[in-house]
Every structure is written in structure tokens, then in C-alpha cells.
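Undergrad: Requesting a structural model of the entry that follows:
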Amino acid sequence: MKKRSMAALTAILVVVPLVAAAPGQRVQAAEPEPGDSARSAESTLVRGVNLDTVTIPELQARMDSGSLSSLRLTLAYLRRIKAVDPRINAVLRTSPTALRQAAASDLRHRLGKSRGPLDGIPVLLKDNVNTRDMPTTAGSLALAGSPPATDADLVKKLRAAGAVILGKANLSEWANFRAARPTSGWSAVGGQTNNPYVLDRNPCGSSSGSAAALAASLAQVAIGTETDGSVVCPAGMNGVVGLKPSLGLVSQSGVVPISAEQDTAGPMARNVVDTALTLSVLSGRDAVRGDDAPSLTDAAGRPGTLRGKRIGLWRLPSLGAEVDALMTRTADRLSAAGAEVVEVSMPYQERLAELEFPALLSEFHRDIDAYLATRGGPRDLAELIEFNRTHPQEQTCFAGQELFEQALAAPPTTDPEYRAMRAELTDLSRRSIDEVMAAHDLDAIASPANPPAWTTDCARGDNDVIPSSTPAAVAGYPSLSVPAGFVGELPVGLLLMAGDRQDAELLSLGASVEHRLGAWRAPRYLPSAPSGSSH
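TA: You can find the predicted model right below:
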């Protein structure tokens, strides 16, 4: 290493501890640097870059040219977390090494040794993703002790790619698989996350903190996880982009589980291109496609035409007249851009609804026992249930743990009846998508990702019957939520789904839809929704 480079790194690392937070604490804003005095900690402007709208390729171009550093970018996000997050409560903790990670990235950029598109990019992780240097709690006090011994596989990939692990995001405790009537966005560790658009409204679960933090521009990208709806619903309800990848594309090792048959981590961002670039790192390869499909790094970078694309619209009028009207306007805009939109219905949905929950109970018991055996605290589901009974803080929003209790009594995954259920689920869910796409020669199926956000209410719990995520979630096929528009002040996403391993094609189409709809806008942090903005 050249002496000048070593001296520059030494100077950076001397400064970093002066602005870094102590482990596990929220970041304190550093004193403004010369020329920064006119900027507040809440500003989204950093050296002429608007955090609300900038993309990873634009950030990398600036870092390569020297007009922006990862250190300055990371510090800007840390300052925003300190200034903005108290209103939404999305970030559980920031990494005590975030600025050191950024300084190391800056040195790589100066030496021309950047590790790729995520080098120096601040990333938030949902707090059910293992990190060796920060607690991983799944929102539960039962896991709030020592951090895991090792990083999750996906975190290892992010670190190897040079990403700055900025911190951990709040979530619905145990990914919303504890109580029969949970309140999304609440955990005993983190409290309640609020929707940044209207603060008394819900962020949807369970990647609630990841989505809310992105909406508030508290990180460039975030990692969520989904079993059924927990990436795409929060993305839609917080006006950001979220991808549930094809099952198995992203390693689930080191992630607190519900079901190995459906669980996957997925990238979330404010735009499709950042989502695609993050998937390329999480998946460990850039070849999640057929031979003639675009690569992930190209899939969203240059939005193509919608002309000739065939999209099936699954309306779901049960989500309300306002959402249905938005779907009509969305279909009209896509049609005006040259897409052919045909209305479709999805078969087998009632049967899927009957079978999915019983299967998940058996799978959760198996998989959570295996995970808990790797951690300090309760060693299995039975001990976890007892922990919740004896810790009143676990009952401050809702007391129930009915799903835990049902899972404890569920038949094992070796039971023939369970195996028949899962086999039928896999068959019917895949057929529900494959048959509709083949019958109408579709490139994708579209539906509303969410209703307008409901008012958060611990006593009532969630008001969420959202069937659009289930076909792709159970099938293990990819689904992508992109902003479609608003009902009053509240965002609604358009959910796109396609066949197995068509992630790159779906992201490419999603980029074109995103470009055509142009539906994103920054939140205003309203205390409550104006009259008539939604039910």
C-alpha cells in the first residue's frame, strides 16, 4: 500500500471514533463541518445529492469521481436517523463500526479497488438477520442478550461486497407469527414503528422497520424477510419497492425462521434499480435468469418499453373501492404506454387459504427449535412460550401467543397428513400462477399489494386481509411491489408476480412500470390522516 494511502486511511480512522456511537446506542449527530452549517440534520441533500431520489449507480459514479465519499454519505444517514427516526421508530440500533466501514470503502475507491455496486452503500438489516457484532432479537426480549456467534450468510455477502452495515431495523415481533391478532410493526424490544406518511397508521408487517426507514430516507437500501407478504405489503404501504425473490435464491442460513418451505430474505429500496443491484449481491451471482433474459445489474438500469407486454390484472375488490379505482387508473396508464392489460382471476385461492396456516404451524415448530438451539436464551419453542408467560414486557401491546401454542401442538413435519398438505400447497400455488400466465400469454400478473394503511391499535390488532401475496409466497415464485399511487395520503403498491426464477425479468418489467407510473413521493409525517383520505 502506498504511504499516502496509508496516511489517508490513518487520518480517517482517527476521526471516525469522534463521530461514532457507542455499541448499541442511537447515533449522536456530529458537529457540522465547514460549509455544512446551513444544512439541518433532517436534510436529504448531501453534496448536491438528494437522498430521496438518488440511485446506487449515481452514488457510485460520485464516489468514483471523488465528489462524494461513503463516509459523508453514511454520516448523513446517521444524522437523519437521529433527527427523523424518533417520529417513526424504525431503527433499533446503529452499528458502532458503520463509519469505519465507510472509511475502508473510501480507501478502496481511491485505490481503484471498489468491490462492486454496493461498496460504500449504507444498508439496514431487519433484526431477524444474524449479525455477529450487534444483537439479533426478532423483536423478542428472549433473544436480547449476546449477539449470534456468526453473521447470516447474506450478511457475509454484503460485507464481502463492501456494503456499510448501518444498523438493525425494528420488525413485527417473531415476524408476526406469535399472536392470532398481532399489531404489525410492534415488538417488545423496539416498540411500535409508525408509517412515515401518516404517523398513526400502520406500516404493515413484518419488515415494517425496513420499509418505514426507507420511506424516511434513513438508509439507501434495506433487507426484509417474507413468509407470506412481509416484504411486499410493508413496501406497498410505505411507498417503496420490495422484492420477494424466488425461494432459495437468497440463503436463509442465519435468519430467524418461520418456514423453510416459504421463507426468504429480500431487498427493499426506494427504486427498482437499487433493489436489483442488492439482489445481485444477496444471491451471490448475476445469473438469475433464462439464457435470453437480462442480467440483474442490467434488468432495472435502463427501463425498457412496455409496448407488447401482457399483464394480467387480478383486481381484489375486497381491498376497497378506492384501491380498485387506483388499479383501474394504473391499468389505463400501462395500456397507454403500450402494454396489454387483461383481467384475470386466480384459481385455487380458497384451498390455499385452508392449507397454508396448518402447514406453517408444523414447519415453524421444526425450524424455530433448530434456530433457538444455536442461540442463548430459550432453547426450544416450549421454553420460549414459558418466557413470554413470565415477562410482562412481552405483553404490553398484545398478550397472546396463540400461534406459538398451536405450533407446539401441531403434527411434526414427518406426519403423512402434513406432507400431503405441503405437497398440495406447492402444486396448487404453482398452478395458480403458471396456468393463468399460460392461458393469457402473460409476462406478469399484477394486483394491489396492500389496502390503505389502517390505524394502529394494539387492542384491535391488524385489519389486514391481503390475499395478493399468497400465490407467489406459497409457490416460491418471485413477487415485486412498486409504488402505484395514493389513496389520500396513504401509499398503495402494485404487486407484480411471475414464474419461478424469473426474478430478472420481473425486475426489468418492474423498472418499466415504475418509470411509467412515477408514483413515488416523499412522506410528510402527518400526525393523522385528513378527513376523507381513507377509511
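Undergrad: Okay, buried residues for stretch 47-66 please.
TA: Along stretch 47-66, the positions that meet the burial threshold by neighbour count (16 or more other Cβ atoms under 10 Å) are Val49, Leu51, Val54, Thr55, Ile56, Leu59, Gln60, Arg62, Met63. The way it works is simple: take the backbone N, C-alpha and C, and place the C-beta from them, glycine included.
Undergrad: Apart from its neighbours in sequence, what residue is nearest the third one?
TA: Spatial nearest neighbour of Val54, excluding adjacent residues (Cβ to Cβ, 6 or more residues apart in numbering): Gln220 at 8.0 Å.
Undergrad: what's the distance between the one you found and Ser146?
TA: From Gln220 over to Ser146 the distance is 29 Å, taken as Cβ to Cβ, to the nearest Å.
Undergrad: More neighbours: which of the two?
TA: In this comparison of Gln220 against Ser146, neighbours counted by other Cβ atoms under 10 Å, the higher total goes to Gln220 at 27 against 11.
Undergrad: ok, the more buried one touching Pro117?
TA: No: the pair Gln220 / Pro117 is not scored as a contact, 10.9 Å apart, by Cβ atoms under 8 Å.
Undergrad: any common contacting residues for the two?
TA: Where contact means Cβ atoms under 8 Å, 6 or more residues apart in numbering, the residues bridging Gln220 and Pro117 through contact with each are Ile56.
Undergrad: sorry, back to before: what sits against the residue nearest to Val54?
TA: When the contact criterion is Cβ under 8 Å, 6+ apart, the partners of Gln220 are Leu51, Val54, Ile56, Leu59, Leu73, Tyr77, Ile121, Pro122, Val123, Ala269, Asp274.
Undergrad: and the last one, what pLDDT?
TA: At Asp274, the model reports a pLDDT of 98.
Undergrad: How much space separates it from Asp443?
TA: Taken as Cβ to Cβ, the spacing of Asp274 relative to Asp443 amounts to 22 Å.
Undergrad: Compare these two (neighbour count), which wins?
TA: Set Asp274 next to Asp443 and count neighbours by other Cβ under 10 Å: Asp274 wins out with 26 against 21.
Undergrad: how close does that one get to Ser67?
TA: Distance of Asp274 to Ser67, given as Cβ to Cβ: 19 Å.
Undergrad: go on, Gly185?
TA: Taken as Cβ to Cβ, the spacing of Gly185 relative to Ser67 amounts to 37 Å.
Undergrad: ditto for Ala438
TA: Counting by Cβ to Cβ, the separation of Ala438 from Ser67 is 50 Å.
Undergrad: Got the confidence number for Pro523?
TA: The predicted structure lists Pro523 with a pLDDT of 98.
Undergrad: now do Ala529
TA: In the prediction, the pLDDT value recorded for Ala529 is 88.
Undergrad: Tell me the pLDDT of the nearest residue to it once chain neighbours are set aside.
TA: If you skip the residues right next to it in sequence, Ala529 has Val198 as its closest partner in space, 4.7 Å away by Cβ to Cβ, 6+ apart. Here the pLDDT value assigned to Val198 is 98.
Undergrad: and what of Asp153?
TA: The predicted local confidence for Asp153 comes out at a pLDDT of 98.
Undergrad: Spatially nearest residue to it (excluding sequence neighbours)?
TA: For Asp153, the nearest residue in space outside its immediate sequence neighbours is Ser251; the separation is 3.8 Å by Cβ to Cβ, 6+ apart.
Undergrad: you'd agree that neighbour is up against Val155?
TA: No: Ser251 is not in contact with Val155 according to Cβ under 8 Å; the separation is 10.0 Å.
Undergrad: higher neighbour count, these two?
TA: More neighbours surround Val155 than the other of Ser251 and Val155, with 26 against 17 (other Cβ under 10 Å).
Undergrad: Which stretches in the stretch 151-300 of the chain count as helices?
TA: Assignment of helices within the stretch 151-300 of the chain using DSSP state H, counting those that start in this stretch yields the ranges 153-160, 208-215, 232-237, 272-282, 296-299.
Undergrad: what's the fourth one packed up against?
TA: Using 3 or more Cβ pairs under 8 Å, 6 or more residues apart in numbering; DSSP states H and E as the contact definition, the elements that helix 272-282 packs against are helix 56-65, helix 153-160, strand 221-226, strand 241-244, strand 264-269, helix 296-299, strand 479-487, helix 503-517.
Undergrad: Can you tell me the number of residues neighbouring Arg329?
TA: Here the count is done by other Cβ under 10 Å, and Arg329 has 12 residues near it.
Undergrad: so it sits in a strand?
TA: No: when classified by DSSP: H, G, I helix; E, B strand; the rest coil, Arg329 is found to be helix rather than part of a strand.
Undergrad: List the contacts of the nearest residue to it once chain neighbours are set aside.
TA: Residue nearest to Arg329 in three dimensions, not counting chain neighbours: Gly485, with 7.0 Å by Cβ to Cβ, 6+ apart. If you count contacts by Cβ under 8 Å, 6+ apart, Gly485 has them with Leu326, Arg329, Thr330, Pro491, Val492, Leu517, Ala519.
Undergrad: Among those residues, the buried ones, what's the PyMOL command?
TA: The buried residues among those can be selected in PyMOL (16+ other Cβ under 10 Å) with this line:
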select buried, resi 326+330+491+492+517+519
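Undergrad: Pick out the most distant pair among the contacts of Gly485.
TA: The most widely separated members of the contacts of Gly485 are Arg329 and Pro491, with 14.4 Å between them, by Cβ to Cβ.
Undergrad: follow-up on the earlier one: weakest of the helices and strands packed on helix 272-282 by average pLDDT?
TA: The weakest mean pLDDT among those belongs to helix 296-299, with a mean of 67.
Undergrad: now the helices for the stretch 401-535 of the chain?
TA: Listed from the start of the chain, the stretch 401-535 of the chain has helices (DSSP H, counting those that start in this stretch) covering 402-409, 416-440, 470-475, 503-517.
Undergrad: Turn the ones you listed into JSON lines, including distance to Glu356.
TA: Output for the helices of the stretch 401-535 of the chain, formatted as JSON lines (distance: least, Cβ to Cβ, whole Å):
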{"stretch": "helix 402-409", "distance to Glu356": "13"}
{"stretch": "helix 416-440", "distance to Glu356": "6"}
{"stretch": "helix 470-475", "distance to Glu356": "6"}
{"stretch": "helix 503-517", "distance to Glu356": "22"}
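Undergrad: Please identify the deepest-packed of those helices.
TA: For the helices of the stretch 401-535 of the chain, average neighbour numbers computed from mean count of other Cβ atoms under 10 Å are highest in helix 470-475, which has a mean of 27.
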